[in-house]
Each structure stands twice: as structure tokens, then as C-alpha cells.
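Trainee: got a structure for you, letters missing:
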């Protein structure tokens, strides 16, 4: 049973996700439909790209990932289907696939817009039929023309050194208020002290259980980057910090 | 694999949807269970009917649509299972099926209340077993007595003419704040000017990408009716308008 | 097709649930993945235990229930897989299984932590692989060592008598604002009068349709306990009452 994952900013209160699933069910009746999330903030391609980048590789090869955060729907932005790392990805060419494209050999086609597609709901009328075709065993190459351009990629500030510190930033805040940074473990040795807004969080711990309830704690999160949390609380609320906030690791 | 779709006002934080799915899984283990939404505002039959009307026809024939927005549970309202357009529908007789019944040849049965059904959760105890039976290939006619009465239908104000204008209303507001109206495209020719609350939105465009960010725009939405949106914003918030709001198309 | 149910406090906006589902899809490709809820308030083991206790028995025997509300992740708390009532349960040893363990003959194993597990996401790295193994037909006994200790159980205040009254408490408040109590039907005979905060609700009715719109009503809920609701409204808001609130049944 092939799986099709769905990641959108449609929310789950309206009919949109179900309309997409109806199209998928009709065209790929044997595929398992698995929600990644539909709560990407409307139009937030950056959040969508981050979430997709965390999720896809946990699924088995051959999975089709349908990702639609598409503020440019109906404009000239290209519609893509691509194969990378043995998985398939379908969605708009706006940076959503930034993390998928890293270090990947990719085959990309540009999907034509069906004549009867609505101008505002390509998730249902253009991307879902392509995802269903791939789940049904259709070859990527027959779905569209080879995409000659470079697919769009989001630009991220990389961590940098300031004197004896390395400075990164918050790239995502999760439901628990945990601040997920772009600091990789190799940038933050065991003797480093993590700081935010001049406040000392301390060295990297193993887990939030290593500090008392209410304590601030830094550790290598499950996505492989440094995270800052409050045990049984919200670091985002405690520190008044969101995406883009600066996080410093003092090395001496 | 037959699909059973679920549309309720149960929310997803409590145990109710999962109790229904447990009953469905036990009685129809091979059916795919697909959520339409569980975020219908509590008791809002009108919103439920609109959403069901947009969704059902995208699924393949033979799909069973379980729809439970049921403020009258445990009272005398009938419990229905019906076949229309090659699909099955199961739920209370309160108007939820208004759009399904339009132009349909229907076969309707009245479902008996099982002796051990709770008085407050017919979704689990009455409707789910019927939906599972239909998904498992049971014939509709054996599930209950023919329903002799007319099923309940919601009444909607139709667009009407005022001088050289046609006036419709907002029938749904989605998560993006888009105002979905009851104005069909044939009522709003290319030379018409759309207005809300005396504010000129302009002629129909193709998509919200046709106006600058923050701009108000009217277009034929993916459900086939005139919609009013703000590009990358919320028309509902901008205009302070919700369901029932008046929308005018000036024809001269 | 074996089902795996998922109950967590991860929310559905982040990548966590989908990462778990990716692991499950990879290791148990034929299992149906069914969400119970992911909206347990963060760390609220008591709410998780209540919800799991309402849901599991509606699923068919052989179902695997993955329950992860795990504020102690990465600390010394044990990780459990257990068989009870013909179902499987996987999750942390913190009381989540309190209602499952009641009157059950259980077989329990302690799951080892995989060497490469993250310290903060055992849902993905420890519990999901165990749940997938059980769904794939693996025997419980091979997943870990027999668990010799008593599994953790939550302690609940039981209803008690005060003169000619029996006094219980609210154990859960649902999305509709309905107050679900720990009063079993046999404690509240037909001649009893239900009271909250000195306000008389009246005798037990059959359903909320038995009182006018806006009326307070007590009845035996679909979970088998006394509930207090406002017809087409919220009892929790009306009475300013939540979990732990006292509910009295006057017997004379």
C-alpha cells in the first residue's frame, strides 16, 4: 500500500482537505492518506518547508508527499513533481522543497495546469491528480515536461562566529513553546554555555528531565539541532522569543 | 477498499470521534476512514450541510458519508440512511443533506434506534453501525423502514434583483477569511462591479494573485460561486463581515 | 488489517505526529493508523488516561494502542508494552493505562531504549517501533523483559456520602462544555436531585432534548457516568466549573 502524505495550510475546519482527499481516493483508491499537518500558518512557506524537511525521510521509499502552501496559486509560479531520495514530492515551486533538495539527485517535471482547473485551488485540481498518478505507479516523466530552471529555495541565515561565541537563530517554535535553532551539535561542544537575550541557559543537557520543573534547558532535540525549552512550560513565552530570535553558544 | 467519510461537530480533543472510529473499525475492518472535518461549530447544521455539499462528489461512487451534527439527538427527529448519486449518506434528519438531495433520485430509510443506544451519542450507537453495514455491502433497504416523509431541508435566501443590481449573501467564511457567496457566475457578468457594504471590490478577477498584496478581490471560487478575498489577508476581518452579509453586483 | 491508534499531547501543527506515523508506516506498512486525539493538554496524563479508557474497547481485539503523554521522557520512568483484554498498549509508565489495567489480566514488558533513540522523543524512537512490531504480529514477550514492578496508576477521589447526599466530582470537561462526573448511575436513583454549587439541576433526564434550550440538565452520558450539560450551551461556562468541581446528588 503506497502512502500519500498531505501537508497544507488549509486548516481542518473547511472542506478543502477533504476535497483533496476525495480526488486522491477516486484516482488512487488503494493509497493510504496520511496527514502531516494542515495547520501551517496561511502562506507560511518557511514553516511548511521546515516541517516537510523533518518528516519525509521517516516514511518508506516510494511515498508520495503532497505539499501545498501556495500563496501564489493561479499566478505564474511553476507546479512541480519531483523524485528525490526514492520519494516523490508534489507542490508549488516556491521553496517548499528547500530541505528535500539538499544533497539530492533530483528529477523534476513541471506539471501542466488542467484546462478545467480552478484558478485558486490547484491543491485539488492540479497537485492531487499528479500525486494520485504517482501513487498509482505512473512514471514521473509522463506527468510533465522536464523542469529546466532551478527550483526555488529559501535562504536561511547560517550560524556565524562573533568573537568566542557562535550565534544561531530560532527556526521554528513548536506547540510546547520549544525553540528549535539552526545550531548543529558540532558547533556547540560540551564546554559551551548557551545564552539567549543575555540570559544564561547553561551547557547542553540530555533532556528536559535534567532540570527542575520550570527550569530553562538546552539540549540536542529530536530533529538533530539545539533546542531550548522550559521543563513543563514554554520557553517561547518565558523568553518572549519566536522565529528569528538569536541564540548564542559561548565557547570560552 | 470502500471509504467512510466522517463529518461531525465533535471536535478532535475528546474521545467521541475515536469512539465512532472504533465502532466502524470493528464492524467494517476493511473500510478506509477519512475525516472531512470535526470542527463544524457545535450544532451548526447549516455549516455542516454546506461542507458536506462541497465534499461528497469528489469521492468515488459507493463511498459512505457519515454526517453527525445532531443537536436534536435523543428527541423525535428521524435517523436516516440514504442513497443518492451512487453514494450513501447516514445522519440525522435535520437538513444536513439539503445539498445532497438537490436534483437527486433518492432512496431513504429511517434507522431504528438500537435498544442499547445511549440517548446522547447516536453518532456512535446508531449512525456508525449503519454506516459500517453499508460499507460492508449491506443493502440500504434492510437497514430500516422506507422513510415516507420529506427529509428536512434548510431554507436559503436566494439572490434577488434590486434595480440594476443583483444582491446575494455570504454563505460561508473559510479559515483564510474568504467570503463565499451564493452568487452563481451566470448572475455576475464580466462588466459587473462587485460591492460589499458600499465598498467597490471591482469586476471579477481570475485569482487573488491578480491584485496586489492586501488588495480586495472578487473571483469565481473553487466551489463555483463568487468569493471575496484579501490577497494574503482576511476579507472577513477587513470588512467585518460574516455569514449572511450582503454582496451586490452592480450591472450598469 | 490491524489498526494502530494514536493518542498524544503532540498537537497536530508540528511534525511530531507525522514523524511517528512515518516510523509506523515504514515498519508496519499494512496497519491502519487511526488518531484518537493529539490535543491532550501538554503533559496532562490524567486527561490522556481518561480518553484512552473511553476509547480502546470500541476497537476490535488485536488493536495496538499507542499512547504518548510523556512529561518524564528521557528520565528513569519505564517504557511499557502490555497486553490486556485482547488489545495491546504501548506507552510510558506514568498512569496513562490506569483504566486499562482495571480488572485486567495483563502481560507487561519493559521496553529497552534503542541505542540511537533521541532523549526527548521516545514516541518516535522507542514506542512507535514497538507498536509497529506488535501490529506486524511480533510477540509481546520478545519486545522486552517482563515488567516485575506494579505499573503506575493514577489515584482518583471516589464519590462519598455526606448525610443524605452522595458527592462526586467532575473528571473531564468536553468541547461542548459538558461536565462529566465520576458518579455512576447506581449512586443516583431516579428520585435523587442533582446539585452543583448549591444550584439545583433536577433529577436525571434521558437527554438534553428533555429541557428547553439554555436549560441545565443532568443525565447518564454516553460514557456511563452522570453528566451535566446546558442544552445548546456550555455547562462549564455557565457554572464556572471544571475538572475537580463537586457535584452532589441529594437523596432525600
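Mentor: Thanks, I have the structure now. What you see is a predicted model, and the numbers here were worked out from it, not measured in a lab. Numbers count the residues shown, from 1 in each chain, chains lettered A, B, ... in the order given.

Trainee: OK, contacts around the closest residue to residue A:109 other than its chain neighbours?
Mentor: On the basis of C-beta to C-beta, 6 or more residues apart in numbering or on different chains, the spatially nearest residue to residue A:109 that is not a chain neighbour turns out to be residue A:144, at 3.7 Å. Any C-beta I mention is one placed from the backbone N, CA and C, and that applies to glycine too. For residue A:144, the residues meeting the contact criterion (C-beta atoms under 8 Å, 6 or more residues apart in numbering or on different chains) are A:81, A:109-112, A:130.

Trainee: Let me know the pLDDT of residue A:144.
Mentor: At residue A:144, the model reports a pLDDT of 98.

Trainee: what's the spacing between it and residue A:132?
Mentor: Using C-beta to C-beta, to the nearest Å, one gets 15 Å for the distance from residue A:144 to residue A:132.

Trainee: With residue A:156 instead?
Mentor: 32 Å.

Trainee: need the residues of chain A near chain B, please.
Mentor: On the criterion C-beta under 8 Å from any C-beta of the partner chain, chain B has as its neighbours in chain A the residues A:10-19, A:21-23, A:25-26, A:29-30, A:32-33, A:42-43, A:71-75, A:118-121, A:124-125.

Trainee: Go through those residues and flag which are in helices.
Mentor: A:16-19, A:21-23, A:25-26 (DSSP state H).

Trainee: Am I right that residue A:151 is in contact with residue A:96?
Mentor: No - here residue A:151 lies out of contact with residue A:96, judged by C-beta atoms under 8 Å, at a distance of 9.3 Å.

Trainee: The two: which has the busier surroundings?
Mentor: Taking residue A:151 and residue A:96 together and counting by other C-beta atoms under 10 Å in any protein chain shown, residue A:96 has the greater number of neighbours (29 against 19).

Trainee: Residue of the stretch 1-150 of chain A nearest chain C, please.
Mentor: Taking C-beta to the nearest C-beta, chain C has its nearest neighbour within the stretch 1-150 of chain A at residue A:58, 2.7 Å off.

Trainee: Pull the number of nearby residues for that residue.
Mentor: Residue A:58 is flanked by 20 other residues according to other C-beta under 10 Å.

Trainee: which one is it nearest to, not counting chain neighbours?
Mentor: The shortest distance from residue A:58 to any residue that is not its chain neighbour, by C-beta to C-beta, 6+ apart, is 2.7 Å, and that residue is residue C:22.

Trainee: check contacts around that neighbour.
Mentor: Taking C-beta under 8 Å, 6+ apart as the contact definition, residue C:22 lies against A:55-59.

Trainee: export these to JSON lines and tack on distance to residue B:86?
Mentor: As requested, these are arranged in JSON lines below (distance: C-beta to C-beta, whole Å):
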{"residue": "A:55", "distance to residue B:86": "36"}
{"residue": "A:56", "distance to residue B:86": "36"}
{"residue": "A:57", "distance to residue B:86": "40"}
{"residue": "A:58", "distance to residue B:86": "38"}
{"residue": "A:59", "distance to residue B:86": "33"}
